[in-house]
Structures are given as structure tokens and as C-alpha cells.
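> Have a look; sequence and predicted model below, questions after that.
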Amino acid sequence: MILTLVYLTHLTTFQLLGIQFGVSESTANDTFYTFQTFSKVQLLPDNDLNPD
């Protein structure tokens with residue numbers, strides 16, 4: 001979650017995020033998109049996902 005917040009705040013590269021968090025670039029990317037998908041599914045009401 002913190003990795004995702006840092007990315008959204010600073011809009012840095014996944015390579016730099018990986019260095020900051022001690023993981024590979026692909027792991028930083030996977031972590032961001034996994035949390036983003038989770039947050040869309042779990043945190044938003046259904047009407048926000050499917051606007052009419």
C-alpha cells in the first residue's frame with residue numbers, strides 16, 4: 001500500500017520505486033497494479049465502477 005501511495009504522490013518510475021523499497025522493477029509494478037485493482041474492487045461502491 002505504501003509503495004502505491006508513494007507512486008501516486010511522486011509519479012516516479014517503477015525502477016526507482018524498486019530501489020527505494022528493495023524490490024525489482026517488475027515487483028514494484030506488480031504490487032502497484034495489484035493494489036490498484038484491489039482498491040477498485042473492494043473500496044469503491046458498485047455505482048462508482050459502473051456509471052450510467
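Yep, that arrived. Keep in mind it's a predicted model, so treat the numbers as computed, not measured. Numbers count the residues shown, from 1 in each chain.
> Averaging pLDDT per element, find the lowest-scoring helix or strand in the chain.
helix 46-49 (a mean of 56; mean pLDDT, DSSP states H and E).
> so where's this structure shaky on pLDDT?
Applying pLDDT under 70 to the chain flags the ranges 41-52.
> in what helix or strand does L17 lie?
Here L17 sits within helix 14-21, counting by DSSP states H and E.
> And V23, by the same measure?
Remark: V23 resides in no helix or strand, with elements defined by DSSP H and E.
> for it, what are its contacts?
V23 makes contacts with T31, as judged by CB atoms under 8 Å, 6 or more residues apart in numbering. Heads up, the C-betas are built off the backbone N, CA and C, glycines and all.
> Now it: phi and psi?
The phi and psi values for V23, taken as degrees, to the nearest 10, are phi -130, psi 170.
> measure it to K40 for me?
For V23, the distance to K40 equals 23 Å [CB to CB, to the nearest Å].
> who touches the residue nearest to the spatial centre of the chain in this structure?
Nearest residue to the geometric centre of the chain (CA atoms, centre = their mean): F32, 2.7 Å. For F32, the contact set (CB under 8 Å, 6+ apart) comprises L3, T4, Y7, F14, L17.
> ok, now M1?
Residues in contact with M1, defined by CB under 8 Å, 6+ apart, are F35.
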